[in-house]
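Visitor: Make a model of this:
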Amino acid sequence: MIEAINLTKRYEDGTLALDGLTLKVNPGEIYCLLGENGAGKTTTINLFLNFIEPTAGRALINGIDVTRDPLEAKKYVAYLPENVMLYGNFTARQNLDFFAKLGGRRDLRREDYYRVMREIGLPEKAFEQKVKAFSKGMRQKLGLAICMIKQAPAMLLDEPTAGLDPASAAELLHLLRRLREQGRAILMSTHDIFRTKEIADRVGILKQGRLVVELTARELAHENLERLYLEYVAGTTLPRAGDAA
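Guide: Prediction:
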């Protein structure tokens with residue numbers, strides 16, 4: 001559903017931001033892409049969204065090359081950025097209505113918007129409240145509601161838990177699990193190792209634009225993800241249990 005084939009991006013200043021990335025996210029799967037700032041995570045998301053064009057390789061959404069047919073590809077994907085851009089003087093429902101119509105959904109009623117907002121856990125009193133008063137957690141929830149109302153089978157999330165308090169982050173992960181159960185293919189870029197362990201079906205670690213390791217949830221059960229991350233990314237080795245102090 002979401003697939004990169006030898007995906008490469010070199011910027012005009014010569015920076016190689018992504019180097020031959022190959023990965024695939026299947027329906028009903030959450031793939032977490034880990035890495036430091038500058039590792040290539042956001043570049044990967046931007047390539048799948050056709051915000052930038054690849055230097056080489058292909059980015060596919062539902063089998064559609066996003067560079068060759070971007071408008072068709074975007075019908076099948078929803079995007080949740082780290083900082084959701086909403087209209088502060090619109091209410092939550094008005095924001096949903098605006099973005100739903102922008103995405104081609106003109107068949108929705110007020111109760112349809114209310115149903116989705118209930119599903120993502122916004123309090124009823126917030127439905128007709130202007131979003132300029134929303135916390136970041138509430139804004140992220142509304143951003144996820146915008147993604148859900150599009151009913152796209154693929155989802156791209158760029159650092160969705162960054163800046164959230166523990167309760168809000170836990171609620172967001174719960175919603176993502178429900179979306180996985182509905183068969184969505186979810187690619188999430190993050191540097192949050194601990195929440196990655198909670199939710200990922202597969203994990204890829206990027207270093208300087210290269211995918212240096214990929215693990216399934218079953219493999220993760222027998223590995224220390226923090227240790228692997230530090231060894232691959234920072235070249236640091238944590239002491240193992242039982243090592244002499």
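Visitor: and Val203, how many residues sit next to it?
Guide: By other C-beta atoms under 10 Å, 26 other residues sit near Val203. Just so you know, the C-beta spots here come from the backbone N, C-alpha and C atoms, and that holds for glycine as well.
Visitor: so it touches Ala221, yeah?
Guide: No: using C-beta atoms under 8 Å, Val203 and Ala221 do not qualify as a contacting pair, with a distance of 11.8 Å.
Visitor: how far away is the residue most central in space within the chain from Gly143?
Guide: Computing the C-alpha centroid of the chain and ranking residues by C-alpha atoms, centre = their mean puts Leu157 first, at 1.6 Å. Leu157 is 9 Å from Gly143, where distance means C-beta to C-beta, to the nearest Å.
Visitor: hey, what's in contact with both of these two?
Guide: Leu80 (C-beta atoms under 8 Å, 6 or more residues apart in numbering).
Visitor: ok, back up a step: who are the neighbours in contact with the residue nearest to the centre of the chain?
Guide: 79-80, 176, 186-189.
Visitor: any chance of those in JSON lines, plus secondary structure and pLDDT?
Guide: Formatted as JSON lines, the contacts of Leu157 follow (DSSP: H, G, I helix; E, B strand; the rest coil; pLDDT from 0 to 100):
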{"residue": "Tyr79", "secondary structure": "strand", "pLDDT": "93"}
{"residue": "Leu80", "secondary structure": "strand", "pLDDT": "90"}
{"residue": "Leu176", "secondary structure": "helix", "pLDDT": "91"}
{"residue": "Ile186", "secondary structure": "strand", "pLDDT": "97"}
{"residue": "Leu187", "secondary structure": "strand", "pLDDT": "97"}
{"residue": "Met188", "secondary structure": "strand", "pLDDT": "95"}
{"residue": "Ser189", "secondary structure": "strand", "pLDDT": "93"}
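Visitor: Narrow these to just the buried residues.
Guide: Neighbour-count burial (16 or more other C-beta atoms under 10 Å) applied to those gives 79-80, 176, 186-189.
Visitor: Which of those residues sits closest to Gly88?
Guide: Gly88 has its nearest neighbour among those in Leu80, at 18.3 Å by C-beta to C-beta.
Visitor: Pretty sure the closest one sits against Lys141.
Guide: No: assessed by C-beta under 8 Å, Leu80 is found out of contact with Lys141, at 10.2 Å.
Visitor: Next, work out how far apart Arg184 and Arg106 are.
Guide: 23 Å.
Visitor: okay, these two: which has more neighbours?
Guide: Comparing Arg184 with Arg106 by other C-beta under 10 Å, the one with more neighbours is Arg184, at 23 against 8.
Visitor: Looking at that one now. What's its pLDDT?
Guide: The model reports Arg184 with a pLDDT of 95.
Visitor: Strand partners (parallel or antiparallel) of the helix or strand containing Val212?
Guide: Using DSSP states H and E, Val212 sits within strand 210-216. Each strand that pairs with strand 210-216, with its direction, by DSSP bridges: strand 202-207 (antiparallel).
Visitor: Any idea how far the partner strand is from the middle of the chain?
Guide: 14 Å (C-alpha atoms, centre = their mean, to the nearest Å).
Visitor: Can I get that strand in PDB, CA atoms only?
Guide: What follows is strand 202-207, C-alpha atoms only, in PDB (Å, rounded to 0.1, in the frame of the first residue of the first chain):
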ATOM      1  CA  ARG A 202       7.900  -3.100  11.900                       C
ATOM      2  CA  VAL A 203      10.700  -0.600  12.700                       C
ATOM      3  CA  GLY A 204      13.300   0.800  10.300                       C
ATOM      4  CA  ILE A 205      16.300   2.800  11.600                       C
ATOM      5  CA  LEU A 206      17.600   5.600   9.300                       C
ATOM      6  CA  LYS A 207      21.100   6.900   9.500                       C
END
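Visitor: Can you give the contact residues for that strand?
Guide: Contacts of strand 202-207 (C-beta under 8 Å, 6+ apart): 21, 23, 25, 29-36, 39-41, 44, 196, 211-217, 220, 225, 228-229, 232-233.
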